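A.B. asks: coordinates only, no sequence provided:
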Ligand SMILES: Nc1ncnc2c1ncn2[C@@H]1O[C@H](COP(=O)(O)OP(=O)(O)OP(=O)(O)O)[C@@H](O)[C@H]1O
Ligand SMILES: [Mg+2]
């Protein structure tokens, strides 16, 4: 039943200064699958992604991409090893065109993969193809979110970390982002998706983990989670 583990996080403890934020967080994402990391405001979702991306390195524990230990490595080295990180603040280079923003992210993958180039990105994100020459600062929030995801894919990552891609967007745009992530999953991209909104993740991910107060409190399929009133009521804002 289990495939190849692409990303595994084992018992990581993360601190901001003297305060401990993550307590022994464990996660695994199999190749080609999408894991939803769900939790309320302040539960530790972003911190988990930052730890994996090297921005908030763990004090203890292990993070492996394929079989390579990356805990504590610098963010650029982790990116080069195949981690694609889309942070919650979805930064674009506002004065640069959409196409230049994409080219800024362009690199081969750790194994020399170059599947994601302008041509593929424009096929998968037709909305961006129609605005290549537009300055990124003029795009709507949803378009900027698409652009940051596309720019990250231009780096041919093995794993995509998405931090609340639906946050703050209008319902119709949220749906478009959901369709996009489903499409990426269908293409075999391995994704760790941090979200507050369980409903957004239904139909996107099969697997779910719930984090609360910096610790994992549930692990299973998202279908079982949805049916589990006690866990959803206790740990998710629905
Ligand atoms: N730079 C920081 N310094 C100190 N504490 C921080 C810092 N960033 C986050 N925290 C604290 O760490 C905890 C986890 O925050 P985190 O951003 O990981 O939560 P989250 O699950 O992503 O929440 P949200 O849904 O609001 O994005 C919170 O209590 C938060 O206040
Ligand atoms: Mg967050």
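C.D. replies: Nice, I can see it. Just so we're clear, the structure is a prediction, and the values are computed from it rather than from any experiment. Ligands and ions are numbered 1, 2, ... in the order given.
A.B. asks: close to ligand 1: what parts of this structure are there?
C.D. replies: 16, 21, 39, 41-47, 88, 164, 196 (Cβ under 6 Å from any ligand atom). (Each C-beta comes from the backbone N, C-alpha and C, glycine too.)
A.B. asks: redo those residues as CSV? Include neighbour count, distance to ligand 2 and secondary structure.
C.D. replies: Conversion of the residues of the chain next to ligand 1 to CSV gives the following (neighbours: other Cβ atoms under 10 Å; distance: Cβ to the ion, whole Å; DSSP: H, G, I helix; E, B strand; the rest coil):
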residue, neighbour count, distance to ligand 2, secondary structure
16, 11, 13, strand
21, 21, 11, strand
39, 26, 9, coil
41, 7, 8, coil
42, 12, 8, coil
43, 24, 8, coil
44, 24, 8, coil
45, 24, 5, helix
46, 20, 3, helix
47, 23, 8, helix
88, 16, 5, coil
164, 21, 6, coil
196, 18, 8, coil
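A.B. asks: can I assume residue 151 is in contact with residue 99?
C.D. replies: No: checked against Cβ atoms under 8 Å, the pair residue 151 and residue 99 is beyond contact range at 10.5 Å.
A.B. asks: counting neighbours, go ahead and name the busier of the two.
C.D. replies: residue 151 (25 against 18; other Cβ atoms under 10 Å).
A.B. asks: which one is that one nearest to, not counting chain neighbours?
C.D. replies: Nearest non-adjacent residue to residue 151, counting by Cβ to Cβ, 6 or more residues apart in numbering: residue 105, 3.7 Å away.
A.B. asks: repeat for residue 152
C.D. replies: In space, residue 152 is closest to residue 84, 4.2 Å off (Cβ to Cβ, 6+ apart).
A.B. asks: list the contacts of that neighbour.
C.D. replies: 152, 153, 155, 157, 159, 160, 161 (Cβ atoms under 8 Å, 6 or more residues apart in numbering).
A.B. asks: low pLDDT regions in the chain?
C.D. replies: Along the chain, the model assigns pLDDT under 70 to residues 1-2, 238.
A.B. asks: how about the residues of this protein that lie near ligand 2?
C.D. replies: 45, 46 (Cβ under 5 Å from the ion).
A.B. asks: show me where the chain has its strands.
C.D. replies: 5-16, 19-30, 34-38, 60-65, 68-69, 83-86, 159-163, 190-195, 207-212, 215-221 (DSSP state E).
A.B. asks: quick one: closest of these to residue 145.
C.D. replies: Ranking these by proximity to residue 145 (Cβ to Cβ) places strand 83-86 first, at 8.3 Å.
A.B. asks: any idea how far that closest one is from the chain center?
C.D. replies: 6 Å (Cα atoms, centre = their mean, to the nearest Å).
A.B. asks: paired strands for that strand, with orientation please.
C.D. replies: strand 159-163 (parallel) (DSSP bridges).
A.B. asks: was I right to think residue 107 contacts residue 153?
C.D. replies: No: using Cβ under 8 Å, residue 107 is not in contact with residue 153; the gap is 11.0 Å.
A.B. asks: could you point out the longest helix of this structure?
C.D. replies: Secondary structure of the chain per DSSP state H: the longest helix is helix 171-186.
A.B. asks: could you find the closest non-adjacent residue to residue 201?
C.D. replies: Closest to residue 201 by Cβ to Cβ, 6+ apart is residue 36, at 4.0 Å.
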